[in-house]
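[1] the following comprises the amino acid sequence and a computationally predicted model.
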Amino acid sequence: MAVIYHSEPKLNSPALIASWPGIGDIGVIAVGTLRRLVGAEEFAEIEPYEFFYPKRVYIRNGELKDMEFPASKFYYSNFNGRSIIIFIGDEQPAEGGRRYADGPKAYQMANMVLDVAVKFGCSMIYTSGAAVAPLHHTLLPQVWAVPNSERLLEQARGYKNTVLMSNMEGRSGGGAITGLNGLLLGVARKRGLDATCLMGEVPAYLQGFPVPYPKASRAVLQVLGKALDIDIDTAVLETLIEHTDRQIETIYDSLPAQIKEQLDKLKHVTRPEPGAPVPSSGPITEEDKKRIMEDIDKMFKKEPKGD
């Protein structure tokens, strides 16, 4: 397995932004939109053969001609004098039918992405995914930040609409990020590379639905614009947000009245101020949240998921 370079662009201390699919595809929508907005061009990819099974094969005149694998591609841009490398993976290498990366293959892929970061002298690495949160879909999602070093904490606190994951209610200063969006953060720390994961909030009751959540992608994209010091017009996501909001409302309206009554309480969840911990009590209690999720679990079968 190897990184195949189609070209070797000239870059000046670039930032690397990476993402893989996850809940609501929050990260890949945010990073994919960034790629289009800065006009990033493909320059390299990770060979897929030892990471993935083919998605499909192509047969012509009775003969198998080709196979299509999930892509893992690098793009670059020198946008307004700012060098950027963007990595987007179509799929996470996993074993046993899991959706999220685990095992040696996941660790190998994380290191191969970071090898590219080191090769081009990346100054900072960002990953992006979803944060499952007890909030209503009509509320503005916040971004949870997880830096991999103490010196990055103050920088993360300075981003608008962003809170440290460790400050969220009930986390007691800790937490976990499932899959490569989190693994890359830890491997970067072991290799002495600065990195931060930015996770857009998705309502807990939507995590099992096959619906994207671009409202949270927009929040992540706004933080990335600030972090990269570039102007990003997030208006390009408005049409998608309106479309998915209508889908979510249709799903929401189909729920039994007693469940909707419980979920409506999430409209009153206390929102933390950036940089400050959440109050220990509020209009909705931990018992309320537990009961809401138990009711939803009865309605929908879903496999354990998390970014």
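    Here it is on my side, so go on. Not measured: the values here are computed from a predicted model. Residues are numbered from 1 along each chain as shown.
[2] pLDDT at the spatially most central residue of the chain, what is it?
    What sits nearest the mean C-alpha location of the chain, by Cα atoms, centre = their mean, is Gly129, with 1.5 Å. What the model reports as pLDDT for Gly129 is 91.
[3] contacts only, for it.
    Residues near Gly129 by Cβ atoms under 8 Å, 6 or more residues apart in numbering: 19-20, 22-23, 26-27, 177, 179, 181-182, 197, 199-200, 307. Just so you know, the C-beta spots here come from the backbone N, C-alpha and C atoms, and that holds for glycine as well.
[4] three-state assignment of it?
    Following DSSP: H, G, I helix; E, B strand; the rest coil, Gly129 is assigned to strand.
[5] quick check: bridge partners of it?
    Counting by DSSP bridges, Gly129 is bridged to Met199.
[6] for it, give its distance to Leu237.
    According to Cβ to Cβ, to the nearest Å, Gly129 stands 17 Å off from Leu237.
[7] which positions within the strand or helix carrying Tyr107 qualify as buried?
    Assigning secondary structure by DSSP states H and E places Tyr107 in helix 103-119. Buried residues in helix 103-119, counting neighbours by 16 or more other Cβ atoms under 10 Å, are found at 105-107, 109-114, 116-117.
[8] show me the shaky parts of the protein.
    For the chain, the stretches with pLDDT under 70 are 96-99, 168-175, 270-307.
[9] now do the helices in it.
    For the chain, helices defined by DSSP state H occupy the ranges 26-37, 103-119, 153-157, 180-190, 214-228, 238-253, 257-264, 286-299.
[10] what about Gln222, how many residues nearby?
    Neighbourhood size, Gln222 [other Cβ atoms under 10 Å]: 19.
[11] over to the one 4 residues further on?
    Taking other Cβ under 10 Å as the neighbour definition, Lys226 ends up with a count of 14.
[12] rewinding a little: how far off centre is the helix holding Tyr107?
    18 Å (Cα atoms, centre = their mean, to the nearest Å).
[13] same deal with stretch 110-126?
    Stretch 110-126 has its C-alpha centroid displaced from the chain centroid by 18 Å (Cα atoms, centre = their mean).
[14] check contacts around the closest residue to Arg189 other than its chain neighbours.
    Nearest residue to Arg189 in three dimensions, chain neighbours excluded: Asn148, at 4.2 Å (Cβ to Cβ, 6 or more residues apart in numbering). Taking Cβ under 8 Å, 6+ apart as the criterion, Asn148 is in contact with 185-186, 188-189, 194-196.
[15] what of Ser7?
    Residues in contact with Ser7 (Cβ under 8 Å, 6+ apart) are Phe43.
[16] and it, what are its phi and psi?
    Note on Ser7: its backbone torsions stand at phi -160, psi 170 [degrees, to the nearest 10].
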